[in-house]
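>>> curious how this folds, go ahead:
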Amino acid sequence: MTLRALQTRFLLRPTTLTHQRLPLSHRTLIPAPTPSSGPLIDRRPDRELPSIQSGKRWIRTVPVFIAIVGAVTLAIFNYQKSSSSVVSSSLYALRTSPRAREILGDEIYFAEQIPWISGEMDQLHGKIDISFWVKGTKSRGKMRFKSVRPERMSYFRTEEWSLETEDGTVVSLLTGNKEDPFEKP
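Numbering: from 1, shown residues only. You can find the predicted model right below:
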């Protein structure tokens with residue numbers, strides 16, 4: 001290929017050796033498409049950029065986003081509490097307690113399909129204080145379980161394990177037992 005053909009092919013400026021100038025193609029800027037214009041068939045790299053809208057419509061969605069994230073976070077933490085060994089062990093002890101079966105009846109389980117476990121469950125620092133609603137074949141009640149670990153390497157000590165009925169009567173489930181059902185032998 002000759003030098004002129006290469007310059008034409010790659011749109012290069014001619015060298016001073018040839019003393020000829022090739023016409024460079026200068027395109028004019030094409031305006032950005034408007035909403036009322038037809039479909040954009042051809043996209044050229046030198047077209048005008050669309051104008052930026054200065055509206056802050058996204059600010060209205062921030063509170064909705066924060067509310068959704070907060071609700072999901074609460075649901076995740078509640079699920080973590082409800083599936084813990086402390087909740088399942090206290091529910092098992094409630095099912096096997098003769099006093100609780102006398103008040104609630106048989107088939108003791110959570111009162112709601114998705115139980116809400118309220119209170120603190122911090123096993124790392126030795127503090128458990130939870131409560132949740134349970135039901136049986138006779139009635140419903142709110143079970144409360146409180147246990148602490150006085151020292152780092154000691155066992156947990158149950159301070160309260162009670163059942164509050166719907167009429168407000170609080171029955172301690174620890175007083176009738178000779179020993180703590182949660183204590184490790």
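>>> can we go C-alpha only for contacts and neighbour counts from here?
Will do.
>>> show me where this protein has helices.
With helices called from DSSP state H, the chain shows them at 3-9, 62-82, 85-96, 98-104.
>>> tabulate these (TSV), appending distance to Val148.
Listed next are the helices of the chain as TSV, based on distance: least, CA to CA, whole Å:
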stretch	distance to Val148
helix 3-9	84
helix 62-82	17
helix 85-96	12
helix 98-104	23
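>>> okay, the ones you listed, which one's buried deepest?
Most buried of the helices of the chain by mean neighbour count (mean count of other CA atoms under 10 Å) is helix 98-104; its value is a mean of 18.
>>> count of residues packed around Val148?
Neighbour count of Val148, defined by other CA atoms under 10 Å: 19.
>>> strands of the chain, residue ranges please.
Here the chain has its strands, by DSSP state E, at 109-110, 118-122, 127-135, 140-148, 157-165, 170-172.
>>> could you list the low-pLDDT ranges of this protein?
Residue ranges of the chain with pLDDT under 70: 1-32, 40-44, 176-185.
>>> kindly recompute the last result at 80.
For the chain, the stretches with pLDDT under 80 are 1-58, 175-185.
>>> gap between stretch 119-126 and the chain center?
21 Å (CA atoms, centre = their mean, to the nearest Å).
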